[in-house]
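In: predicted model, plus sequence, below.
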Amino acid sequence: MRNTLAVLKYVFGALAALCFAVPAFAQGGGGGANWVAISAGFGMAIASAGCGIGQGRATASATEALARNPSARAGIQFALILGLALIESLALYTLVIIFLKVK
C-alpha cells in the first residue's frame, strides 16, 4: 500500500509538470511532426487497452458466475452481452472522435 502511494505521488507529480509545460507547445512556427495524429494514436491505444481489460474481466466474471449457477444462464448471458456492447462503444466513440479531429 505504501509503495503504491509513492508511485502515485510520482505519477501525479509528472502529470502536473506536463500541465505546466503545455504553453510551450502552443508556440507557432516550425513544422515538425503532426502532434494531433500522434496523440490520437496514443488515445486510441489507451482506449483499446481499457476496453480489452474491461472485456476480459467481464468475460471472466460471467464464466465464473455460470460455473457457480448454471441455471441463471439467460440472465448472465444478457448482462454479459449488454456490458460488452457498452464497453466496446468506448473504443468506437474514440475512433469516431479521432476521425473527426485528425484532418
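Out: It's in. Numbering: from 1, shown residues only.
In: and the top helix by length along the chain, what other elements does it pack with?
Out: Using DSSP state H to define each element, the chain has its longest helix at helix 35-68. Using 3 or more CB pairs under 8 Å, 6 or more residues apart in numbering; DSSP states H and E, the elements in contact with helix 35-68 are helix 73-101. Where you see a C-beta, it was placed from the backbone N, CA and C, and this is true even at glycine.
In: what's the average pLDDT for the helix it packs on?
Out: Mean pLDDT, helix 73-101: 91.
In: could you do stretch 7-22 as well?
Out: Mean predicted confidence for stretch 7-22 is 76.
In: and stretch 47-60, by the same measure?
Out: 92.
In: tell me how far it is from the chain's mean position?
Out: On the basis of CA atoms, centre = their mean, to the nearest Å, the separation between the geometric centre of stretch 47-60 and that of its chain is 9 Å.
In: for that stretch, buried residues please.
Out: Buried residues in stretch 47-60, counted by 16 or more other CB atoms under 10 Å: 47, 51, 54, 55, 58.
In: also stretch 90-103?
Out: 91, 94, 98.
In: tell me the contacts of the residue most central in space within the chain?
Out: Per CA atoms, centre = their mean, the C-alpha nearest to the average position across the chain is that of residue 47, at 3.0 Å. By CB atoms under 8 Å, 6 or more residues apart in numbering, residue 47 lies in contact with 90, 91, 94.
In: the residues you listed into TSV, with extra columns for distance to residue 40?
Out: Output for those, formatted as TSV (distance: CB to CB, whole Å):
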residue	distance to residue 40
90	15
91	13
94	9
